[in-house]
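Asker: Sequence and predicted structure, then a few things I'm wondering about:
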Amino acid sequence: MPDLKPLIVGGLAIAVLAAAGTAVAATTVGNGAVPAPSQSDLAQLRPATGTPPPTARPTPQGEAERREADASRTAERRTADALRDTGLEVPTGWDIVDVRLERHDDRAVTVIRHQPDGHRLGGPHASLVLDDSGTILGFTRLAGGAGAELPDEEAAREAALGFLQRVAPDYAAGLSVEWVDQHDEAITLRDGIAHTVSGIKVKLHHDDGRYAWVIVGPDAQILTYERDITWDSNQGRRGTQMWLHDSWIAAHEGTGAQPGPPYALA
């Protein structure tokens, strides 16, 4: 309870609540001596005029976590906007584990990576490459699961062309099919077991001289899509960076060997 300070005013004793600065009671006083209030006692009667302490600034670690959370929310929104009505899907329960700003030849791109069990090169992942306008330049979804029957060449061609018409009709108008063949990708599951993801690859050439392809899996599901890919004829390998391919990313980051042709130089 705050201290009560006695104060003599005209024969009255006023009990002053020092902490609050208000008179709470008054009684007559006999002949008993009551000490006069000191300057410090009187000062306590004045209401506080100081400003409240400033709000604590976030720590560098807290600021970094906030920026990371903001980047993740932005990436989630961009992913949802880009994939809407395309038929491309990120498996339920897979989280964003990496967002990086990179280059696709001379274009700035954002690479958004989802995985089911934290960031791990070589594991199951769904990766998306977007330019600044939101155009999908690359997408892949490599997941474990039981093998299923792949479409034949004609069904794969039909699925690929239908997908391109849906996703980028103007771009698709300049494409022609070069060849159709099976394509396999290897991933390592959480328990260390190697798994092969297979699809039918439809490779296409664009009027502008660059390439595109769509890999079609069981039930006409699109596993991989890339566009605006250049070819380095002097090197006999791809020229465009390979942000969907973990062995190339490992070489680019210095944690793995340079893959041979037709992989791009890392």
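Answerer: Ah, there it is.

Asker: what distance separates whichever strand or helix holds A186 from the centre of its chain?
Answerer: Using DSSP states H and E, the element containing A186 is strand 175-188. Here strand 175-188 shows a centroid-to-chain-centroid distance of 28 Å under the convention C-alpha atoms, centre = their mean, to the nearest Å.

Asker: From the rest of the structure, what touches it?
Answerer: Residues outside strand 175-188 that contact it (C-beta atoms under 8 Å, 6 or more residues apart in numbering): 122-125, 142-144, 150, 153, 156-157, 160-161, 164, 194-207, 211-212, 215, 224. All C-beta atoms are positioned from the backbone trio N, CA, C, and that covers glycine.

Asker: Filter the residues you listed down to the ones in strands?
Answerer: Counting by DSSP state E, the part of the contacts of strand 175-188 found in strands is 125, 142, 194-206, 211-212, 215, 224.

Asker: Buried members of those residues into PyMOL, please.
Answerer: To isolate the buried members of those in PyMOL, using 16 or more other C-beta atoms under 10 Å:
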select buried, resi 125+142+195+197+198+199+200+201+202+203+204+205+206+211+212+215+224
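
Asker: what comes up buried for stretch 180-193?
Answerer: V180, H183, E185, I187, T188.

Asker: what's the model's confidence in the longest helix along the chain, averaged?
Answerer: For the chain, the longest helix by residue count, based on DSSP state H, is helix 60-83. Averaging pLDDT along helix 60-83 yields 90.

Asker: try stretch 100-115
Answerer: 98.

Asker: Give me the buried stretch members for that stretch, please.
Answerer: Those would be H104, V109, T110, V111, I112, R113, H114, Q115, for stretch 100-115 by 16+ other C-beta under 10 Å.

Asker: For R210, grab the count of nearby residues.
Answerer: 17 (other C-beta atoms under 10 Å).

Asker: and the gap between it and R227?
Answerer: As for R210, its distance to R227 is 8 Å (criterion: C-beta to C-beta, to the nearest Å).

Asker: ok, back up a step: and the longest helix of the chain, how far out from the chain middle?
Answerer: Between the centre of helix 60-83 and the centre of its chain there are 5 Å (C-alpha atoms, centre = their mean).

Asker: And the next helix or strand past that helix?
Answerer: Defined by DSSP H and E, the subsequent element after helix 60-83 is strand 95-104.
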